[in-house]
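**Q** predicted coordinates and the sequence they were generated for:
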There are 2 protein chains.
Amino acid sequence: MSEKEKNEATNEEVEPTETTEDIAEETVEELTPEELLQAKVEELEDQFLRARAEIANITNRNRNEREQLQKYRSQDLAKKLFPAMDNLERAMATEVSNEQGASLKKGVEMVLESLRHALKEEGIEEIKASGEAFDPNLHQAVQTIPAGDDVAADTIVEVLQKGYKLHDRVLRPAMVIVAQ
Amino acid sequence: MSEKEKNEATNEEVEPTETTEDIAEETVEELTPEELLQAKVEELEDQFLRARAEIANITNRNRNEREQLQKYRSQDLAKKLFPAMDNLERAMATEVSNEQGASLKKGVEMVLESLRHALKEEGIEEIKASGEAFDPNLHQAVQTIPAGDDVAADTIVEVLQKGYKLHDRVLRPAMVIVAQ
């Protein structure tokens, strides 16, 4: 085989050292070009498998992100509704002495009920507070009273402002008075 | 068909048997295994490029989906608030004759204002209707009155229930009376 043929046969890298040993030269001629291509094939197969794995990962990650976005989608609007609900609840607490006031109050009650229903359908629930054990993850203590015979320590004795959560996420902690 | 031609024609597997024909043997040794591997390399390169393109497509598609989810995230909760707002607006329309009623009405007005503000912050706007040209994409005609000198045809003369839209999406059409 001429030098030219040998170069063509390797097709990628020319063996730099000359050898007089026939067997060694034949081994290079017979295996190296294939080996090089085989290595290239393996490298590409590996890259391709990594790309497939990346596609699977991206798809999973995106599904999770979409689920999270979907699950908590109402939180921003819901948070903005809480002050309105506080006001309606305060209005419900006022005493009325005539029919007109009673009628308006009845209307307020219906509105409050429909807001509560809307929030509930979106997964938003009131945080249990009154009479519960104080939990700093759910409740914010704004005042304390001494614990005694009638009320155990770390118990919530009064709720000043309702708290709300969306699934596992606290949107607003309940503001409470705690016995200590 | 010679052994060489046969091998080239099948173009898949290298003939494993030894042959005494010099030309055929050289052709098989020099070209066929490499050609096969080269074809494999090209196929894998193509697959890898397609996988990269798929990753780019998935990433873009998911970004768009996330943006859409984000953009319209408040629509479900918002839709459920409209009846409450209708009720509050109806309450605002009632006449009150004493201080207690006026005080409750003031409270209702504040609540209504805070709900409107919350919706606006989430991109939800009232659909313009009163005095506007009737648009079946935005308005739902529930009654018609004859058009005349004082009111042109296809003009909205009264809004029976407010409509709302979120960006370009109509969440609830306005229910209107149209001149015809």
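**A** Ah, there it is.
**Q** quick one, what contacts the residue nearest the centre of chain A?
**A** Centroid check for chain A by Cα atoms, centre = their mean gives residue A:68 as the closest residue, at 4.7 Å. Counting by Cβ atoms under 8 Å, 6 or more residues apart in numbering or on different chains, residue A:68 touches no other residue. To be clear about C-beta, it is placed using only N, CA and C from the backbone, and glycine gets the same treatment.
**Q** now the angle from the helix or strand containing it to helix B:32-71?
**A** Under the criterion of DSSP states H and E, residue A:68 resides in helix A:22-71. With axes from the mean of the first three to the mean of the last three Cα atoms, to 10 degrees defining the directions, helix A:22-71 sits at 10 degrees from helix B:32-71.
**Q** does chain B have contacts with the next helix or strand after helix A:22-71?
**A** Moving toward the C-terminus from helix A:22-71, the next helix or strand (DSSP H and E) is helix A:75-93. Yes. Helix A:75-93 reaches chain B (Cβ under 8 Å from any Cβ of the partner chain) through A:76, A:77, A:78, A:80, A:81, A:83, A:84, A:87, A:88, A:90, A:91.
**Q** what does the domain assignment say about chain A?
**A** Using automatic domain parsing, the domain ranges for chain A come out as A:3-71, A:75-179.
**Q** ranking these by burial, who's on top?
**A** Ranked by mean neighbour count, the domains of chain A are led by domain A:75-179 with a mean of 16 (mean count of other Cβ atoms under 10 Å in any protein chain shown).
**Q** from the chain's centre, how far out does that one sit?
**A** Here domain A:75-179 is found 26 Å from its chain centre; the criterion is Cα atoms, centre = their mean, to the nearest Å.
**Q** ok, stretch A:45-58 next?
**A** On Cα atoms, centre = their mean, the centre of stretch A:45-58 falls 24 Å from that of its chain.
**Q** in chain A, where is pLDDT below threshold?
**A** Along chain A, the model assigns pLDDT under 70 to residues A:1-31.
**Q** what residues does stretch A:137-149 touch?
**A** A:127-129, A:132, A:134, A:151, A:153-157, A:160, A:163, A:165, A:170, A:173-180.
**Q** looking at these, which are in strands?
**A** A:156, A:157, A:160, A:165, A:170, A:174, A:175, A:176, A:177, A:178, A:179 (DSSP state E).
**Q** pull the most distant pair out of the residues you listed.
**A** A:165 and A:179 (23.2 Å; Cβ to Cβ).
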